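Engineer: let's see this in three dimensions:
(one chain, ligands or ions: 1)
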Amino acid sequence: MKIKLINGPNLNFLGIREKGIYGTKSFEEVEKYVIEEGKKLGHEIISFQSNIEGELINAIQDAYLNNYDGIIINPGAYTHYSIALYDALKSVNMKCVEVHLSNVHKREEFRHKSVTAAACIGQITGFGEYGYIMAINALENSQ
Ligand code: DQA
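Structural biologist: Numbering: from 1, shown residues only. Next up is the predicted model:
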């Protein structure tokens with residue numbers, strides 16, 4: 001499968017931001033890990049990260065226009081309020097899995113709600129970067 005990996009705001013600061021929550025690996029290390037594990041599973045992972053909502057929407061539309069087979073998205077804080085990202089995911093009607101590194105349900109109340117998960121097959125939360133690998137398997141094993 002050709003899979004677009006989309007990471008949203010502040011995820012480029014992995015390894016710098018709140019290490020107790022997000023770990024010490026840099027974004028580049030996590031990205032490399034997902035691309036390599038994806039390759040081992042026979043998939044091509046193309047990674048994109050932006051801190052800008054509109055660029056994330058463009059990346060979702062680009063995945064559709066370029067015939068990707070699925071999307072793995074960690075929308076960061078946009079998860080909790082971006083109707084624009086929800087609309088973008090609904091528009092393309094592609095197989096999509098939402099991933100969160102931390103267990104959002106163990107954290108502040110405002111993180112318990114995801115507006116974007118309803119446009120995805122499902123959500124994986126709390127397994128660190130391994131969650132992205134779980135998402136690859138989820139895409140592979142869903143319609
Ligand atoms: C996050 C959880 C969000 O609540 C937060 O705003 C992030 C990261 C995660 O991966 O755990 O930026 O999506």
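
Engineer: count the residues that sit near Ala88.
Structural biologist: Using other Cβ atoms under 10 Å, Ala88 is surrounded by 23 other residues. C-beta coordinates here come from the backbone N, C-alpha and C atoms, glycine included.

Engineer: surely it touches Glu53?
Structural biologist: No - when contacts are counted by Cβ atoms under 8 Å, Ala88 is not listed as touching Glu53 (9.5 Å).

Engineer: list the residues that contact Met1.
Structural biologist: By Cβ atoms under 8 Å, 6 or more residues apart in numbering, the contact list for Met1 reads 42-44, 69-70, 139-140.

Engineer: how about a cut-off of 10 Å?
Structural biologist: Counting by Cβ atoms under 10 Å, 6 or more residues apart in numbering, Met1 makes contact with 38, 41-45, 68-70, 95, 136, 139-140.

Engineer: what does the pLDDT read for the residue nearest to Ser26 when sequence neighbours are not counted?
Structural biologist: Nearest in space to Ser26, with sequence neighbours left out and distances taken as Cβ to Cβ, 6 or more residues apart in numbering, is Gly15 at 3.8 Å. You'll see Gly15 listed with a pLDDT of 97.

Engineer: do Lys40 as well
Structural biologist: In this model, Lys40 is scored at 98, pLDDT.

Engineer: Gln143 too?
Structural biologist: So, for Gln143, pLDDT stands at 83.

Engineer: OK, contacts around it?
Structural biologist: 95, 121.

Engineer: how about the residues of this structure near the ligand?
Structural biologist: Residues of the chain found near the ligand (Cβ under 6 Å from any ligand atom) are 10, 74, 76-77, 79, 100-102, 104, 111.

Engineer: which residues are common contacts for Ala88 and Glu53?
Structural biologist: Common contact partners of Ala88 and Glu53 (Cβ under 10 Å, 6+ apart): Ser82.

Engineer: element containing Ile46, please.
Structural biologist: If you go by DSSP states H and E, Ile46 is part of strand 44-49.

Engineer: list the buried residues in that strand.
Structural biologist: With burial defined by 16 or more other Cβ atoms under 10 Å, the residues of strand 44-49 counted as buried are 45-49.
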